[in-house]
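**Q** Curious how this folds, go ahead:
(2 chains)
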Amino acid sequence: MKISREEVEYVAMLARLELTAQETEDYTGNLNSILEYAGILEKLDTSEVLPTAHAVPLHNVMREDVVKSSMDAAKVLANAPDVENGFFKVPKIV
Amino acid sequence: MDITARSAAELHTMLESKAISATELVREFIDRINKVEGNVKAFVTLTEESALEQAAKQDEKIARGEKIGPLAGIPMAFKDNMCLTGIRTTCSSKMLENFIPPYDATVVERLLDAGAISLGKLNMDEFAMGSSTENSAFFPTHNPWDLSCVTGGSSGGSVASVAADEVAYSLGSDTGGSIRQPAAFCGVVGMKPTYGAVSRYGLIAFASSLDQIGPVTKTVRDNALVLNAIAGHDTKDSTSVPFEKPDYTEFLVNDIKGLKIGIPWEYFGEGIDQGVARVIQEAIETLKGLGAEVTECSMPHTEYAMPTYYLIAPAECSSNLARFDGVRYGHRSQNNEDIISMFRKTRAEGFGSEVKRRIMLGTYALSSGYYDAYYLKAQKVRTLIKQDFDNALEKFDVLLSPTAPTPAFKLGEKLTDPLSMYMSDICTSPLNLAGLPGISVPAGFVNGLPVGLQLMGKAFSEGMLYRVAYTFEQNTDFHKVKPELTAEVVL
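**A** Numbering: from 1, shown residues only, chains lettered A, B, ... in the order given. Model prediction:
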C-alpha cells in the first residue's frame, strides 16, 4: 500500500473535499491501485530527460497594455450564490 | 433517405437551392429528436425556440438573395462544457446545474457567426472525466446502435446525437480521446485537432495542456467544413497558436497513392479485441489497395502513455477545478459553519465520484513529497512519448491504429472498476500527450457495433488526415450504414 487512509484524509483536506467514511475507504483502494499501476514508470530511466509541460512550446504571450472595458459587474455577479452591495458574499472567515 | 440523415454539405445544397427552408429543416430535426431522444438521451438542454428564431433569420437572408455560408441554417449542438450566452451550461455536473454563462466560447461565437443553428447542449461525463458518459450527474446517454451499450465518452451526447440524426453535426472536446473514442463507438467521424489549433476560450477546463475542441460529423467533408469555421488563432486563448489556416476542404481528394502510413505495432497489443483487430487489418488492406505504402513501425514508450496520462490529467484537473468553491458561480452548500467547511461541503455535494477521484489523485500527485515521484516523472515520460511520435512521423505521413481497443461495452459493465474504464483510452491518450491531431473514421462492425480507425499526424497536418480519411471513406460504405432507431421507448 503506497497510500494510507490517513494520507487520503490529508489529501482530501488539501483538495477541500469532505469525504464520507465510505468514500475515504473507496478512494484509498482506488488511489492505491492507480498508483501501483503508475509504478511502471519507475522502469524508465529519465534522469537525462527534460519534462514536457506543454506539447506546443509556449512563451509568455503579451498584449499591448491598453485599458479596455471589461464585463459588466452585474453580469459577473449574476451566477453568484450570495451577493451584497456588488460583492461576492461568503461565510465568516475570521 | 430522411432529410435528417443527410450530411451538412448536402443540407447546404438544399438550402441554397431553396428545396427546403432553414425553418423547415429545424422542424425536421425537432421531429427527429422527439422521435428518438427518449431512447438516446443525448441532450441535457434543448433550445428549440431559439433555434427556430435563428432559422428565421437565415431564411430572411436567403429570401433577400444573400449568399449563405456552408454551415448557415444547419442544425447542430454543442457539448455542454462550451459556454453559450444565456443558455444553461452544466458540464453534466450538479456543481453547474444552474450556471448561465454571460459570454460565448470562441467556437460558439464563430459557429453562430457562420449561421449555425444550435439545437442545444449535449450530455457528457461530468467535467469531461470518463469514457462512457455514465459519469453524467443527470443520466447516461445510450448508444444508438445498441441502447444497452455506452456511447463512449466523454463526448457521448455529441456522438450519439449525430449518429441518431438528431443534429447534422456537433462539437465535442478531447482530453485523452473524448471525441475519437465515442466517435468510434457510435460510427461517426471525430477529429481532435492539433493542440492550439482551436481556441479553448469558453471551454470549461479539465486538463489545460491536453484539452482540445473538435468536430463530430457524419462525413469527412463535413468535418473539414466545421474545422474551417472553428480553427484559427484567438487572442482570448494564450495557448492558441498563430498559424496559417488552410481551407481544409482542399485536402479532400480521393487519392493516397504513394503516401506512407506507419502501423505502430504497440497499438495492436494486449487488450485489443480480436474483432477490432480484424476490422483494422481489413482497413489496412483497403488502404494498401488504394496505393498507400504501409509499413509496421515501433513506438516503444506507448505502454507508458496510460499511467502518464492518468497522472498528468488528474493533476491539471485538481488545479483547474479548485475554482469551484461556491463563491463566484455554481453550487454552494447551505450547510456550513465557516469558510473552510463551506468549501469542503460545497465540493462534496457538487462533484460526482469520478471527479472527486481525479481531484484526489491529482492533488496527491502534486503534493509535497510526491511531486517529483509522480507529476515530474510523468512529465519526463511525456517527453519520451512525444519523441516516439516525432521519430515515427519523420518517416510516415500518418500513423494508423484502432481508435479504441474494443467496440462499445454494456452500460454498467466498467462502472465499478476505474482502471478498466481508463483502458478504453489506451489508443487515444498518447496523442493528447504529444499535442498532435487525430481522426476516427468508421471502419467496420463487430457484432453490429461500429469500429473506428484512428489516423494520427504531425502538428497542424489535419489536411493530410482528412485526405487519407476521405479516400478511405470514398472507397468504403461503412459511413452509409445507419442504426435502426424507433420511436417506441425501449429503455
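**Q** Please export the C-alpha coordinates of stretch B:469-489 as CSV.
**A** The C-alpha coordinates for stretch B:469-489 follow below in CSV (Å, rounded to 0.1, in the frame of the first residue of the first chain):
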residue,chain,number,x,y,z
ALA,B,469,-9.8,9.6,-44.1
TYR,B,470,-11.7,10.9,-47.2
THR,B,471,-10.1,8.5,-49.5
PHE,B,472,-10.9,5.6,-47.2
GLU,B,473,-14.5,6.8,-46.8
GLN,B,474,-15.0,7.3,-50.5
ASN,B,475,-13.9,3.7,-51.1
THR,B,476,-15.9,2.0,-48.3
ASP,B,477,-19.6,2.1,-47.3
PHE,B,478,-19.4,1.9,-43.5
HIS,B,479,-20.5,5.6,-43.1
LYS,B,480,-23.6,4.9,-45.1
VAL,B,481,-24.9,2.3,-42.6
LYS,B,482,-27.4,3.8,-40.1
PRO,B,483,-28.5,2.5,-36.7
GLU,B,484,-32.2,1.4,-36.6
LEU,B,485,-34.0,3.6,-34.0
THR,B,486,-37.7,3.6,-33.3
ALA,B,487,-39.9,6.0,-31.5
GLU,B,488,-41.0,3.3,-29.1
VAL,B,489,-39.1,3.9,-25.8
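**Q** can I assume B:Y309 sits in a helix?
**A** Yes: the assignment for B:Y309 by DSSP: H, G, I helix; E, B strand; the rest coil puts it in a helix.
**Q** burial of it, as a residue count?
**A** Counted by other CB atoms under 10 Å in any protein chain shown, the residues lying close to B:Y309 total 27. All C-beta spots, glycine's among them, are computed from the backbone N, C-alpha and C.
**Q** was I right about it contacting B:L433?
**A** Yes: between B:Y309 and B:L433 there is a contact under CB atoms under 8 Å: 6.2 Å.
**Q** Can you pull the residues that touch both of the two?
**A** Between them, B:Y309 and B:L433 share these contacting residues under CB atoms under 8 Å, 6 or more residues apart in numbering or on different chains: B:L210.
**Q** Let me see the contact set for the residue nearest to A:R16 when sequence neighbours are not counted.
**A** Residue nearest to A:R16 in three dimensions, not counting chain neighbours: B:F343, with 4.3 Å by CB to CB, 6 or more residues apart in numbering or on different chains. By CB under 8 Å, 6+ apart, B:F343 lies in contact with A:R16, B:D325, B:G326.
**Q** Low-confidence ranges, the stretch 251-400 of chain B, go.
**A** Filtered on pLDDT under 70, the stretch 251-400 of chain B yields no residues whatsoever.
**Q** Next: chain A.
**A** Those would be A:1, if you go by pLDDT under 70 across chain A.
**Q** what about the helices in it?
**A** All helices of chain A, identified by DSSP state H, fall at A:5-14, A:21-38, A:73-77.
**Q** Pipe these into CSV and attach mean neighbour count and distance to chain B per row.
**A** Formatted as CSV, those follow (neighbours: other CB atoms under 10 Å in any protein chain shown; distance: least, CB to the nearest CB, whole Å):
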stretch, mean neighbour count, distance to chain B
helix A:5-14, 17, 5
helix A:21-38, 17, 4
helix A:73-77, 13, 4
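**Q** B:T383 is nearest to which of those helices?
**A** helix A:21-38 (16.7 Å; CB to CB).
**Q** How far does the closest one sit from its chain's centre?
**A** Relative to its chain's centre, helix A:21-38 lies at 18 Å (CA atoms, centre = their mean, to the nearest Å).
**Q** and the residue of chain B nearest chain A?
**A** B:G435 (2.5 Å; CB to the nearest CB).
**Q** now the nearest residue to that residue once chain neighbours are set aside: how far from B:M299?
**A** With CB to CB, 6+ apart as the criterion, B:G435 has its nearest non-adjacent residue at 2.5 Å, and that residue is A:A55. Between A:A55 and B:M299 the distance is 15 Å, computed by CB to CB, to the nearest Å.
**Q** distance from the centroid: which residue in chain A tops it?
**A** A:V66 (31.5 Å; CA atoms, centre = their mean).
**Q** Please name the residues that touch it.
**A** Contacts of A:V66 by CB under 8 Å, 6+ apart: none found.
**Q** Report the buried residues of stretch B:349-357.
**A** Within stretch B:349-357, the residues that qualify as buried are B:E349, B:G350, B:F351, B:G352, B:E354, B:V355, B:K356, B:R357, counting by 16 or more other CB atoms under 10 Å in any protein chain shown.
**Q** Kindly state the pLDDT recorded for the spatially closest residue to the fourth one that is not a sequence neighbour?
**A** I take that to be B:G352. Once flanking residues are discounted, B:G352 sits nearest to B:E126: 4.8 Å by CB to CB, 6+ apart. Predicted confidence (pLDDT) for B:E126: 98.
**Q** Hmm, B:E126 is touching B:G350, no?
**A** No: applying CB under 8 Å as the test, B:E126 and B:G350 come out as separate, 9.9 Å apart.
**Q** anything in contact with each of these two?
**A** With CB under 8 Å, 6+ apart as the test, B:E126 and B:G350 both reach B:S93.
**Q** if we can go back for a sec, before we move on, what SS does the residue nearest to A:R16 have?
**A** helix.
**Q** what about the residue of chain A found nearest chain B, how many neighbours?
**A** Nearest residue of chain A to chain B, counting by CB to the nearest CB: A:A55, 2.5 Å away. Applying other CB under 10 Å, we find 23 residues neighbouring A:A55.
**Q** Now do the contacts for it.
**A** Counting by CB under 8 Å, 6+ apart, the residues that A:A55 touches are B:Y195, B:S209, B:R382, B:K386, B:L433, B:A434, B:G435, B:L436.
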